[in-house]
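Chemist: this one's structure only:
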């Protein structure tokens, strides 16, 4: 069974940092591109970032470019999102998702981890 | 303001059919595959349709997708109360070099 489990969310002050993790199981992680998508409270989905299988193709939304860094460790079957210079508007549930939206969409999603940026 | 435009809400009676539209432009829907997602309250999104009209694994044929020019449509027939959810379209935007989603449509089964 394919599983994606996010962790690392929590309360952080504006300007602070957090590192989210997404641990995968049930499939060969190294053969899939992976993405991060977030959802602010009561709002819609927002695409954040994509990383290819070998990390040679990395893309970001303008809203997080320069502040967030996506990475992966295929040996650990894990995806990461390093978030720096956090702002109140970054408050959201963060989902990791398997795939690339331009190809076949996201066929599996994690349960999400809540990040709250507040003083 | 979402790049893709969806109606905020749609409603229909059980057993009836409903369609949800997703309007974009040549830089997104017009030249890229569209996928559709169902999000039940308090849960993660679930893939329904990919590559414009292909049903994801385990999705019943009550759900269908289509695309024409710069618009896409999700159709749901034989509505059930369990279909009440938010539905999102998504695609790639070649001008933005980013993924984009519609603002979401809340389906109410009366």
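Modeler: Thanks, I have the structure now. All figures in this text were calculated on a predicted structure; none of them were measured in a lab.
Chemist: drop to CA atoms for contacts and neighbour counts, all remaining ones
Modeler: OK.
Chemist: and the residue nearest the centre of chain A, what element?
Modeler: Most central in chain A under CA atoms, centre = their mean is residue A:36, positioned 3.1 Å from the mean C-alpha point. Assessed by DSSP states H and E, residue A:36 sits inside strand A:34-39.
Chemist: Please apply the same query to residue B:11.
Modeler: Per DSSP H and E, residue B:11 falls inside strand B:9-12.
Chemist: Parallel or antiparallel, list what pairs with that strand.
Modeler: As defined by DSSP bridges, the strand partners of strand B:9-12 come to strand B:105-109 (parallel).
Chemist: how much does the following helix or strand past the strand holding residue B:11 deviate in direction from strand B:105-109?
Modeler: Going down the chain from strand B:9-12, the next helix or strand is strand B:18-23, by DSSP H and E. Using axes from the mean of the first three to the mean of the last three CA atoms, to 10 degrees, the direction of strand B:18-23 lies 170 degrees away from that of strand B:105-109.
Chemist: Does chain A have contacts with strand B:18-23?
Modeler: No. Interface with chain A: strand B:18-23 contributes nothing (CA under 8 Å from any CA of the partner chain), its closest point being 14.0 Å away.
Chemist: ok now that strand, how far from the chain's centre?
Modeler: 7 Å (CA atoms, centre = their mean, to the nearest Å).
Chemist: Average pLDDT for it, rounded please.
Modeler: Averaged over strand B:18-23, pLDDT sits at 98.
Chemist: In terms of secondary structure, what does it contact?
Modeler: Packing partners of strand B:18-23 (3 or more CA pairs under 8 Å, 6 or more residues apart in numbering or on different chains; DSSP states H and E): strand B:9-12, strand B:71-76.
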